[in-house]
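Student: Task: produce atomic coordinates for the following.
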Amino acid sequence: MSKRLKILTWHTHGSYLYYLTQAPHDFYVLSKPDRPPGYGGKCGHIPWGDNVIDLPVDQAKDTQFDCILFQDDHQYLQDQHLYLSEAQRRLPKIYIEHDTPREHPTDMRHPVDDPSVLLVHVTHFNALMWDNGRTPVRVIEHGVLEPKNVAYRGDLERGLVVVNNIATRGRRLGGDVFMRVREQVPLDLVGMGAQDVGGIGEIQHDRLPAFAAQYRFFFNPIRYTSLGLAVIEAMMIGMPIIGLATTEMATVIDNGMSGYIDTDESKLVTRMHDLLKDPAHARRLGEGARRAARERFNIERFADDWDKAFRFVTA
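Tutor: This is a model prediction of the structure:
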C-alpha cells in the first residue's frame, strides 16, 4: 500500500477543498485566529473527514510535510516566506490555478515561473488562456460527490442561479445578464450576498442539492471564469443546465442532450420558457446532464488524478 502523504494547503474554496480531501492523503489546512478568508482551516458546516487537520499558522514550521499545495497568489508569493522554514520551502510544490487570467484573457503571464513547481489548472480552457511560461502544466478537471438520496424533481416552475456576491463581482460573473434575464423568466438567486439583489441568500453546501432539485432548470449567467462547481453539482442530481457558451462550459453542455448553451441571450430565454412549459423535456435533459457528470466529473477519477499528481511531485 502506498504511503499516505502529508499535504500543506489553505482554505481557499471550501467546496473544492472538501472534494480535494477525498484523495487518500492527509491535508493540513492553515488557520488564523478568528478564521479570516483564506485561513479558515477546518471550519464551517462542511462535513470534513478525519484526514483534514486544522493547523494554526504559528505551528506550521514545526510540522512535517511531504508537499506544499498553493491555491492563491499571496500564499505562493508571501505566506511560504512568512510561515515556512527554509527546508520546508524546498519541498515539492503544486500550485492550483482556480481562475481564468484577469488582466488580459490571452497575454497574462502566470505569477508562478518555476520549472520545479507543478501548475495544475482546473480546466483545459484555463490552461489554454494563461501564459504558463516555463512552469510545467497539468489539468485536473473537477470532481464532485454524487449526493445520496437526492434526485431532480423540477416541479417548481422557476430557474435557479447559484453565484456568490453577484452584485459586486460585475460583468465577469454575469450580474447584468442575470438581471436582464430575470425580467423575462422567473429566476431565484442563491449564494453569499444574494439578498442584495433580491435573491434568497446562502444555502449550506450539504443542503443545496435537495434545495436545487425542486427547480425546473439551472441557469449559469457567468461570462468568464472557471467552470463552477455548482454547475457540476446540479448536473449530478439530474438538473438541465442553461448557460453561456463561453469558457469550459462550451465543452460540458451538449445542446439538446444535457441542456442548452448559446452566446445569444434571447435564444437562452426562449429555451428557458420551453423548459417551463415542458417538464418532460426538462427531465430528459437532466438525465443527460447526470450521465455526462457521472462520466466526466466523478469523484473517483478526480481523487485518482490528484493522487497521481502528488505521487509525481514527491517521487
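
Student: who's in contact with Thr100?
Tutor: When contacts are counted by CB atoms under 8 Å, 6 or more residues apart in numbering, Thr100 touches 125-126, 129-130, 224-226, 247. In short, each C-beta sits where N, CA and C put it, glycine included.

Student: The closest residue to Asp305 other than its chain neighbours: neighbour count?
Tutor: In space, Asp305 comes closest to Ile140 once its chain neighbours are excluded; the distance is 4.5 Å by CB to CB, 6 or more residues apart in numbering. The number of residues packed around Ile140, counting by other CB atoms under 10 Å, is 19.

Student: just to revisit the earlier point, go through the contacts of Thr100 and name the one nearest Lys277.
Tutor: Comparing these against Lys277 with CB to CB places Thr247 closest, at 29.3 Å.

Student: Verify the stated contact: the closest one with Val122.
Tutor: No. Between Thr247 and Val122 there is no contact under CB atoms under 8 Å: 11.2 Å.

Student: anything in contact with each of those two?
Tutor: Counting by CB under 8 Å, 6+ apart, the residues touching both Thr247 and Val122 are 226-227.

Student: quick one, what contacts the nearest residue to Phe178 once chain neighbours are set aside?
Tutor: Among residues not flanking Phe178 along the chain, Pro221 sits closest, at 4.4 Å (CB to CB, 6+ apart). Neighbouring residues of Pro221 by CB under 8 Å, 6+ apart: 161, 163, 173-175, 177-178, 181, 243-244.

Student: how about 10 Å then?
Tutor: By CB atoms under 10 Å, 6 or more residues apart in numbering, the contact set of Pro221 is 161, 163, 166, 173-182, 187, 189, 242-244, 265, 268.

Student: Using the three-state scheme, assign Lys61.
Tutor: When classified by DSSP: H, G, I helix; E, B strand; the rest coil, Lys61 comes out as helix.

Student: if you skip the residues just before and after it, what's nearest to it?
Tutor: Looking at Lys61 with CB to CB, 6+ apart, the closest residue is Ser85, at 4.8 Å.

Student: can I assume the residue nearest to Asp305 is in contact with Phe312?
Tutor: No. Ile140 is beyond contact range of Phe312, at 11.4 Å (criterion: CB atoms under 10 Å).

Student: what sits in contact with each of these two?
Tutor: Ile94.

Student: if we can go back for a sec, quick check on the residue nearest to Phe178: phi, psi?
Tutor: phi -90, psi 0 (degrees, to the nearest 10).

Student: Domain ranges for this protein, per the record?
Tutor: Domain assignment for the chain by automatic domain parsing gives 6-143+298-314, 156-296.

Student: Quickly note the distance from the most centrally placed residue in the chain to Asp50.
Tutor: In the chain, the residue lying closest to the centroid (CA atoms, centre = their mean) is Leu229, at 3.9 Å. Leu229 sits at a distance of 23 Å from Asp50 (criterion: CB to CB, to the nearest Å).

Student: Also Ala315?
Tutor: Relative to Asp50, Ala315 is positioned 26 Å away (CB to CB).

Student: likewise Arg4?
Tutor: 12 Å.

Student: So for these two, which residue has more residues nearby?
Tutor: Comparing Arg4 with Asp50 by other CB under 10 Å, the one with more neighbours is Arg4, at 13 against 6.

Student: Isn't that one up against Arg311?
Tutor: No. Assessed by CB under 10 Å, Arg4 is found out of contact with Arg311, at 11.3 Å.

Student: ranges for the strands of the chain?
Tutor: 6-9, 26-31, 52-56, 67-70, 93-97, 117-121, 137-139, 156-162, 187-190, 215-220, 241-244, 259-262 (DSSP state E).

Student: Give the buried residues for the longest one.
Tutor: Along strand 156-162, these residues count as buried under the neighbour rule (16 or more other CB atoms under 10 Å): 158-162.
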